[in-house]
Structures are given as structure tokens and as C-alpha cells.
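Novice: quick check, what structure comes out for this input:
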Amino acid sequence: MLTDTEGIVLRQIKTSYGRRMILLFSRKYGKISAGTSIGDKGRNRSSLALRPFTYGRYELFKNRESYNINSADVIKSYYGIGENVDKYMSGAYVLEFTEKVLPEEVPYPSVFKLLTDFFELLEKREKGIGTLVLAYQANIFKLMGVMPQLDSCAVCGKECNAAGFSVEEGGILCSECAQNIENSQSHTLIYDVKFGIVDILRFFTTNPLKNLENLAVRKDAGDLLQKIIREYAAYYLDASDLKSEELI
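Specialist: Got it, this is the predicted structure:
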């Protein structure tokens, strides 16, 4: 069956006889693996559409067991990302993170839009790139249904001012529950909620990415949020040991 879909290349692997396997995040079919004989050299539109940070349209031959990319066309090339080392590394990390959290062949149009919005902002952004990455990940938690509880205690459910943040419990803790966990010598790691990180997470997930265009969190807050978000992603989405993680 011939079909087509918009998509973004997450990764590609060279195989035998000049073929490649493309891991494609498609709007219509979700994350799929597709073979192709389209060459990676030259400047024709099909080869350009298989490069990183390109939003394209792909003609697929689909059968019961596999996909093949017959042709491809560029919708939007975010070539500016590749011209800046920091942007490239952050973009590569987000692609690997997205690949890790997406299940096979399950459409996620909301995540697809989030990723294209991220590319739009990343290409234009000159500073605060780390803030944009953290906002993207926080929104992934929301869209994948694992958003941490930020308005009431994740243990007792009581509305409270956060006394700590627990990854294992899934959100903020009231002072009583935080104390009980510490007194029980539980292995749960409780993070201090300094630097306004709870308010920052709320802001990230209640505003579209475009509203964060000029926002850059302080380094101390960003470093703490990065630790929490990476541990949370590893715990709830099995997104750990990313090769690109240490590059940003």
C-alpha cells in the first residue's frame, strides 16, 4: 500500500547495498522504522529531507511488517540549528530523548507539534537554550500522561506549599509527608524546592513554547531542574543513558 505522511527523522543507520534504515517520527503513524535506497549525498529534495532537523513529507510503501521510503520532500529545513554547536547538541539531545520516550507505531500528534515548535524556537534562539530544552521535556511529561503533581502533596493529596520534591512519589511533598519519609529512612530522594523551581515547572506546562521565547532561568535553578527532570524521565519514561546527554 502506498501512503504518505509528514515526519521528522530521529535517526538513521547505514545498512548493506547502499540502503539505510530511517527512524522516522511520522505524524500519521508515530515512530516507525523505514528502509530506503535514497542516497545521502547530493542536493536533491529527497536526500535533503532525510537529514537531521528537517521537517518533511514522505511517500511510504507500507505492508504488514515493514515500511519503505520511496521518496521525500522538504517542508521546512531548520538548517540554522546545524550552524551553531550549542543548538546542534541540544537539538540532537531532544531528538534522542523523543526517540526514547515514544512507543513504536503510536501516533502522538501533540508531541509532533511540540517538536516542530521546539525546532522553530531553537533555530531563532540566541541564549537560554537550556531553558527551552527543559520546557520541552516538562511538556513531554504532560503529553505522555506522567506529569508530576505540583499543586498538592503527592503522598497525602493535601494542598500545600511544597516542602520538597520526590521523583518516586511523583511530585511535591507537604512538610509532614517529607518529614515522615525522611524519618522512615526511605530510599526516596527528596529534592529541595529552592529557586522557585515548582513555579517554573508550572509555567512551563501551562504556556505554549512560543511564550517562552525570551525566558531564560538562572543557572542555579536550571541545574537543579535538569537533575530533577532527567531523573524523573528515567524513572517514569525509561529515558536514561542517552548518548547525547553529557554533551549539553
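Novice: can we go C-alpha only for contacts and neighbour counts from here?
Specialist: Noted.
Novice: low-confidence regions, the chain specifically.
Specialist: 40-44, 186-187 (pLDDT under 70).
Novice: what about the strands in it?
Specialist: 2-14, 20-26, 30-36, 54-62, 67-77, 164-166, 171-173, 190-191 (DSSP state E).
Novice: and the fourth one, how far out from the chain's middle?
Specialist: Its chain's C-alpha centre lies 21 Å from the corresponding centre of strand 54-62 when counted by Cα atoms, centre = their mean, to the nearest Å.
Novice: with the fifth one instead?
Specialist: Averaging C-alpha coordinates over strand 67-77 and over its chain gives two centres that are 22 Å apart (Cα atoms, centre = their mean).
Novice: the residue minimising distance to the centre of the chain and Asp192: what is the separation?
Specialist: Nearest residue to the geometric centre of the chain (Cα atoms, centre = their mean): Thr98, 4.1 Å. Look at Thr98 and Asp192: by Cα to Cα, to the nearest Å, they are 28 Å apart.
Novice: repeat that for Ser152.
Specialist: For Ser152, the distance to Asp192 - Cα to Cα - is 16 Å.
Novice: likewise Thr36?
Specialist: Taking Cα to Cα, one finds Thr36 at 49 Å from Asp192.
Novice: who has more neighbours out of Ser152 and Asp192?
Specialist: Taking neighbours as other Cα atoms under 10 Å, Ser152 and Asp192 compare with Ser152 leading, 17 against 14.
Novice: hmm, back to that, and the strands of the chain as TSV, adding distance to Glu245?
Specialist: Formatted as TSV, the strands of the chain follow (distance: least, Cα to Cα, whole Å):
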stretch	distance to Glu245
strand 2-14	16
strand 20-26	19
strand 30-36	21
strand 54-62	21
strand 67-77	24
strand 164-166	22
strand 171-173	23
strand 190-191	21
